[in-house]
Structure formats: structure tokens, C-alpha cells
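*Asks:* The sequence and its predicted three-dimensional model are supplied below.
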Amino acid sequence: MNEPITARVALPCILRSPASMEAKAQGITEELTRDLLLVRLPPGPPAQSLRPGLALVIDIELPVADGRSPRYLECVATVRSAQLLGDVVQVALDVASMNFIAPRTATGGRSLP
């Protein structure tokens, strides 16, 4: 398939350091492609620390289908840009890889708010 697929969905997510399971910031996805992820974050110290080139892991909570266990989409990415747009910070991330994972792996067993 050569056509790029773009998903424009608002899913809860956490941004964290590759070396830690602790959340750096919590946000909502805005757009997802194989190579790019747009996330909205509340303004404040966590969002202010995001600089171009910073490596992050983004755990995106996926909708749960009947009879299925919850899953997260774990994206390893680097910050392309972070800009204040009104009352939110929009973060553009270049995605290096994606994996489906169980919730305990993503957030230590906690659900995302």
C-alpha cells in the first residue's frame, strides 16, 4: 500500500522518557500517521520542556472492543516542534516505531485519565 493513512482521533496519551515509565505529560492525540504524531497538551512546565530533537515514548490508549483486552499503541518518537496554539500546546513528533502493548507495560497498571 503506497497511500499514506492518516487517523484524526482524540485519544488519551502519555508522553514519557524512553528511560522511565513515569509520565512526563498527559495529552490527547490530534493526528497520527506512520511517520508523524500530533498531540495536544495543556500549557505548563511539562509542555515547556519539550524541545526539537528530544526523544520520547508516547503511549496512546486505544478503544477497547467487546471481549478484548485493552491495548496501547506505543510510539517511539522525537519532538519536531512544540507551539502554543490558543490554550493548548501542539506537539509534532517524528515517529520512529510503533508497537501494540498491554496497559501494565505502558503505565504500570494504571489507566490514563
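*Replies:* Okay, I see it. A quick note: this is a predicted structure, and the numbers were derived from the prediction, not measured.
*Asks:* quick one, what contacts the nearest residue to residue 54 once chain neighbours are set aside?
*Replies:* If the residues on either side of it in the chain are set aside, residue 54 comes closest to residue 79, at 4.5 Å by CB to CB, 6 or more residues apart in numbering. C-beta coordinates here come from the backbone N, C-alpha and C atoms, glycine included. Residue 79 makes contact with 50, 51, 52, 53, 54, 56, 91, 92, 93 under the criterion CB atoms under 8 Å, 6 or more residues apart in numbering.
*Asks:* Low-confidence stretches in this protein?
*Replies:* Within the chain, the stretches with pLDDT under 70 are 1, 104-113.
*Asks:* where exactly do the strands run in it?
*Replies:* 12-16, 23-32, 36-41, 55-61, 72-85, 88-101 (DSSP state E).
*Asks:* Please produce JSON lines containing those, extended by distance to residue 4.
*Replies:* Formatted as JSON lines, these follow (distance: least, CB to CB, whole Å):
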{"stretch": "strand 12-16", "distance to residue 4": "21"}
{"stretch": "strand 23-32", "distance to residue 4": "11"}
{"stretch": "strand 36-41", "distance to residue 4": "9"}
{"stretch": "strand 55-61", "distance to residue 4": "18"}
{"stretch": "strand 72-85", "distance to residue 4": "16"}
{"stretch": "strand 88-101", "distance to residue 4": "12"}
